[in-house]
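**Q** just need the structure, nothing else, for what follows:
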Amino acid sequence: MSRWRDLTGGNLGKTYDGRFAALAASGADVHGEASFCAALVPSGSRVLDAGCGTGRVAIRLAEQGYDVVGVDLDASMLAVAKDRGPGLTWIESDLATLDLGTTFDLVVAAGNVIPLLAEGTEPRTIRNLANALTPDGVLVAGFGLDARHLPVRPAFTLDDYDAWCEAAGLRLEERFATWDGEPYRDGGYAVSVHRR
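**A** Sure thing, here's the model as predicted:
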């Protein structure tokens with residue numbers, strides 16, 4: 001069972017979506033992740049939103065002309081995604097066993113996806129995500145590293161994550177402190193860009 005399911009019970013799709021709807025209504029930019037990804041690959045590229053949740057990132061990228069597939073294990077989150085983006089491809093699957101039989105120019109895992117996997121499945125999941133990339137494809141992951149940025153006890157370090165990526169054939173290209181591109185200086189949140 002994933003740490004996400006342990007934390008939420010797997011039935012918070014509408015509540016989670018409502019939080020971002022309220023942020024958007026207040027004037028906050030809720031599309032930082034999508035904007036970040038759009039700066040890495042051109043419109044029309046194939047994108048896998050791994051741990052897509054309610055589809056916020058995938059739907060925004062699709063609106064910008066990307067060919068997007070969203071994958072999540074939480075059926076309540078996917079129900080919202082399917083309702084909000086009925087023309088997109090949504091797949092219910094565990095990222096640790098994911099094999100879509102196709103490749104993508106970019107894989108994004110936003111919103112603490114990696115730390116909320118089932119503990120011990122992280123290396124296998126990173127390998128699966130790397131295998132889903134084209135030869136020059138990019139894996140982007142943003143997640144918290146401390147109690148301030150993560151709703152559970154961190155189960156690994158940034159060095160562990162980099163080692164899993166390296167073992168999967170990925171090299172670290174850039175690292176930021178936010179989805180807005182602020183430089184990373186050993187803070188509690190990191191956005192990492194690894195390339196095949």
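
**Q** quick one: strands adjacent to the lengthiest strand in the chain?
**A** Taking DSSP state E as the criterion, the chain has its longest strand at strand 133-144. Next to strand 133-144 in the sheet, as set by DSSP bridges, lie strand 104-109 (parallel), strand 189-195 (antiparallel).

**Q** need the winner for burial among these.
**A** Among the strands paired with strand 133-144, strand 104-109 has the highest mean neighbour count (mean count of other Cβ atoms under 10 Å), at a mean of 25. Quick note: C-beta positions are derived from backbone N, CA and C, even for glycine.

**Q** after the helix or strand of the chain with the lowest mean pLDDT comes which helix or strand?
**A** Using mean pLDDT, DSSP states H and E, the weakest-scoring helix or strand in the chain turns out to be helix 13-25, at a mean of 55. Toward the C-terminal end, the helix or strand that comes next after helix 13-25 (DSSP states H and E) is helix 32-38.

**Q** got the contact list for the next helix or strand after that following helix?
**A** Note on helix 32-38: by DSSP H and E, the next helix or strand toward the C-terminus is strand 46-50. Identification of contacts with strand 46-50 by Cβ atoms under 8 Å, 6 or more residues apart in numbering yields 37, 41, 55, 57-58, 61, 66-71, 95, 98, 100, 102-110, 113, 129, 132, 134.

**Q** so among those, which ones count as buried?
**A** Among the contacts of strand 46-50, those buried by neighbour count (16 or more other Cβ atoms under 10 Å) are 37, 41, 55, 57-58, 61, 66-71, 95, 98, 104-110, 113, 129, 132.

**Q** now do the phi/psi pair for the residue lying closest to residue 155 once chain neighbours are set aside.
**A** Nearest non-adjacent residue to residue 155, counting by Cβ to Cβ, 6 or more residues apart in numbering: residue 119, 5.0 Å away. Per-residue torsions, residue 119: phi -60, psi 130 (degrees, to the nearest 10).

**Q** find the residue at the geometric middle of this protein.
**A** The structure's the chain has its C-alpha centroid closest to residue 109; by Cα atoms, centre = their mean the separation is 1.5 Å.

**Q** and it, what pLDDT?
**A** In this model, residue 109 is scored at 98, pLDDT.

**Q** pretty sure it is in contact with residue 132, am I right?
**A** No. The criterion here is Cβ atoms under 8 Å, and residue 109 misses it with residue 132 at 11.1 Å.

**Q** burial of residue 150, as a residue count?
**A** By other Cβ atoms under 10 Å, 18 other residues sit near residue 150.

**Q** contact partners for the residue nearest to it when sequence neighbours are not counted?
**A** Sequence neighbours aside, residue 144 is the residue nearest to residue 150 in space, at 3.4 Å (criterion: Cβ to Cβ, 6+ apart). Neighbour list for residue 144: 112, 115, 150, 154, 188, 189 [criterion: Cβ under 8 Å, 6+ apart].
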